[in-house]
Each structure stands twice: as C-alpha cells, then as structure tokens.
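K.L.:
I would like the atomic coordinates for the input below:
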Amino acid sequence: MDYKEQVKKYLEYCEFRKELDWKTLKAYRIDLKQFFEFTQENMPEKNKIEDYITELHKKYKQKTIKRKIASIKAYYNYLEEYEIIKDSPFRKIKVKFKETSILPRIIPREEIECLLNYMYVCENMNTKKSYKYWLRDISVVETLFATGARVYEISNIKWDCVDLNTGAIKIMGKGGKERYIQIASGEILEILQKYYRYNSEAIKKSGFFFVNSRGNRYTEYSIRLMIKKYTQRAGIERNITPHMFRHSFATYLIEVQLINVNSKMRKIEIIFKAKKAHLPLGENIIFSKDIDSLDLQYFMRLCRI
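P.N.:
Numbering: from 1, shown residues only. Next comes the predicted model:
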C-alpha cells in the first residue's frame, strides 16, 4: 500500500475513531502531504527526514515546525501501534528547540471600556432591521470577554447547546473536546435572551446560535471583521483581535488570584470551589455561578473601570 492510501486511512481513523475536529484534521492533512511531497516515500531514511526538518527551519517559525513534526510523528506512531510498520523512522530523530517566551497581548481595561461603551451607544442608532444584528454583535463581544472562550468556539456554538435560563453553554474545544462555559451576569444573559428572541427563526434554521445576515453561521472571519469595525469607529488605534479577549480574561483573573496557572502544562485552568453546582464536576468547566456570592462577569465589568 502506498503512502497516499495509508494517509487516507489514518485521517479516517483520526476523524471517526479519535473524533478530532476538522481544524486538526486539516492541519494533519497539510503536514503529511507536505512531508511526503518532499520525501517521496513512505519510510524515508534518517538523512532524508533531517533534510526535511532543515527545510522547515528555513520557512517557518518554531511553533509551526513543532506542530508539523508532531503531526508526522503521530502518523508513524499509529502505523507502529497497528503493526503496519515495525519501527517509526522518527525514533532516532532528535529535534531540540530553544525555548522562547512571548507574552500574550491583552486589551487595556480602558480600551475594553471604550469599545463596549461605543457599542452600547450604537444601540439607539440602529434601524429596526439592523437592531437584531447589533444584538448579535454585542452578544458575541460580551461572551468573548466574559468567558475567555476561543473565537472558533463561539462561532460554532449550536443553538440547542445554550441554556438561556441558567446561562450554561456547551462548546466544542480543541480536539473536539466538550466543555461548559457559564454566563453568570444577569445583564449579559438578558442580552443573549433578547438576541435569541429577535433571531430565533434564523438560529433554529441554521443550527448555530450566532448567525449572519444570510442566516448562516457567524464565522470566525466575520467576527474578526466585526470587532475591527467597532474598534476603529470607537477611535481605538490598537488592532484588537478576538483572541486578545481570551488573554485579557485570564490576565485580569490572575490579578485577583482566582486562577491557578499550571506552568508545566502551559495551560490556564480556571479553578473555583462551587458550593452549588448545576454542571457535572470533573470536566473541563469554566464555572462562575454561586461561588461565595461572586459573580465573575460582574467582577470583569469592574475590571473595565
């Protein structure tokens, strides 16, 4: 069996057995295609692999190189595990990277306040037709900042995964893993409820909670353009991206010691001790309801002042 057929079977395994999301599958497909176009064989020699890694260093940043090598290693580990090959050709390949530390970009509080103030001023400037789109945009921005969710997670929220009574939202994270985010602020939840009332028909038809003017999913690209539009109109010179809301969310929580930073895993885990939990414990949950009378979104609003 040639490598093209093997790669096809491997990607099917990743999709249906491991249930990886489409973004991960796309990255695997690109990385493996690039590798085999260079090597032109299923089991390349060590020197050929070393040459390929050298080529990667000429073209890409360290983070991208790491990901591409990890994709290829995962493929050969699969072949080895299922005894399609005896030994992975990557077993004797050692790649060392110089550790670099890049501080994440955050949005200053005064700019968050400026953006949101401008967006709320726009509420009274809308026509009856455009008002429902304003509701969508303010709902997206408030949810991004109040939960720290990724933009593609927000974009892909299914309409039946949102509980507008409790504020619990089920999202699909990296690798197709489910987790919950919680809207604890009554003000933000009220905005989401109002958005739903004005757009319920399009939402149910599309299957997604956030929809565009054509009734389709509100894409990551469209969300980026929306944020850019409002920041420019608000007079903010900084290029604000959706992911900066995520970093800002975590950074402002660190300041009041509400989170535990796991430096070894390089992940930020939001850890709260809930007295009354309505969501399953033991899962990866960002939870902020009924925690010693603390309303997380209320705290985040205070951070803006």
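
K.L.:
just the helices in this protein please.
P.N.:
3-16, 22-39, 46-59, 62-81, 109-121, 128-147, 151-155, 186-206, 220-233, 242-254, 296-304 (DSSP state H).

K.L.:
show me how far the third one is from its chain's centre.
P.N.:
When you say that, I think you mean helix 46-59. Its chain's average C-alpha position is 30 Å from that of helix 46-59, according to C-alpha atoms, centre = their mean, to the nearest Å.

K.L.:
show me what counts as buried in that helix.
P.N.:
By neighbour count with 16 or more other C-beta atoms under 10 Å, helix 46-59 contains the buried residues 49, 52, 56. (C-beta placed from N, C-alpha, C; glycine too.)

K.L.:
just give me the neighbour total for the spatially closest residue to residue 88 that is not a sequence neighbour.
P.N.:
With sequence-adjacent residues excluded and distances taken as C-beta to C-beta, 6 or more residues apart in numbering, residue 88 is closest to residue 76, at 3.9 Å. Around residue 76 there are 19 other residues, counting by other C-beta atoms under 10 Å.

K.L.:
number the chain from 267, please
P.N.:
New numbering, starting at 267: the last item is residue 342.

K.L.:
would you check that residue 342 makes contact with residue 350?
P.N.:
No - counting by C-beta atoms under 8 Å, residue 350 is not a contact partner of residue 342; they are 9.6 Å apart.

K.L.:
related to what we said a few turns ago, closest to residue 277 among the buried residues of helix 312-325?
P.N.:
residue 318 (19.9 Å; C-beta to C-beta).

K.L.:
for that closest one, which non-adjacent residue is closest in space?
P.N.:
Leaving aside its sequence neighbours, residue 318 sits nearest to residue 304 (C-beta to C-beta, 6+ apart; 5.0 Å).

K.L.:
still on that earlier bit, identify the residues contacting the residue nearest to residue 354.
P.N.:
By C-beta atoms under 8 Å, 6 or more residues apart in numbering, the contact set of residue 342 is 351, 354, 355, 356.

K.L.:
can we see that at 10 Å?
P.N.:
276, 308, 309, 350, 351, 353, 354, 355, 356, 357 (C-beta atoms under 10 Å, 6 or more residues apart in numbering).

K.L.:
and these, which are buried?
P.N.:
276, 308, 354, 355, 356.

K.L.:
just those now: which is nearest residue 389?
P.N.:
Set against residue 389, the nearest of these by C-beta to C-beta is residue 276 (50.6 Å).

K.L.:
wait, that closest one sits on residue 294?
P.N.:
Yes - here residue 276 reaches residue 294: they are 8.0 Å apart, a contact under C-beta atoms under 10 Å.

K.L.:
shared neighbours of these two, anything?
P.N.:
Common neighbours of residue 276 and residue 294 (C-beta under 10 Å, 6+ apart) are 340, 341.

K.L.:
burial count for residue 272?
P.N.:
If we define neighbours as other C-beta under 10 Å, then residue 272 has 18 of them.

K.L.:
tell me the pLDDT at it?
P.N.:
Per-residue pLDDT puts residue 272 at 90.

K.L.:
so who does it touch?
P.N.:
298, 302, 308, 341, 344, 345, 350, 351.

K.L.:
equivalent analysis for residue 464, please.
P.N.:
Residue 464 touches 394, 397, 398, 399, 400, 401, 402, counting by C-beta under 10 Å, 6+ apart.

K.L.:
give me the distance between the first one and residue 513.
P.N.:
Here the criterion is C-beta to C-beta, to the nearest Å. By it, residue 394 lies 37 Å from residue 513.

K.L.:
same drill for those two, tell me which one is more crowded.
P.N.:
The neighbour comparison of residue 394 against residue 513 (other C-beta under 10 Å) goes to residue 513, with 17 against 7.

K.L.:
isn't that one right up against residue 414?
P.N.:
Yes - in this structure, residue 513 is within contact of residue 414 by C-beta under 10 Å, at 8.4 Å.

K.L.:
residue 432 versus the residue nearest to residue 309 when sequence neighbours are not counted, what's the distance?
P.N.:
The spatially closest residue to residue 309, leaving aside those adjacent along the chain, is residue 355, at 5.7 Å (C-beta to C-beta, 6+ apart). The spacing between residue 355 and residue 432, counted by C-beta to C-beta, is 52 Å.

K.L.:
then residue 354?
P.N.:
47 Å.

K.L.:
any idea of the pLDDT on residue 564?
P.N.:
44.

K.L.:
distance to residue 362 and pLDDT for the contacts of residue 272 - can I get that in JSON lines?
P.N.:
Converted to JSON lines, the contacts of residue 272 look like this (distance: C-beta to C-beta, whole Å; pLDDT from 0 to 100):
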{"residue": "298", "distance to residue 362": "23", "pLDDT": "95"}
{"residue": "302", "distance to residue 362": "25", "pLDDT": "93"}
{"residue": "308", "distance to residue 362": "26", "pLDDT": "83"}
{"residue": "341", "distance to residue 362": "22", "pLDDT": "94"}
{"residue": "344", "distance to residue 362": "24", "pLDDT": "92"}
{"residue": "345", "distance to residue 362": "25", "pLDDT": "92"}
{"residue": "350", "distance to residue 362": "29", "pLDDT": "89"}
{"residue": "351", "distance to residue 362": "25", "pLDDT": "89"}
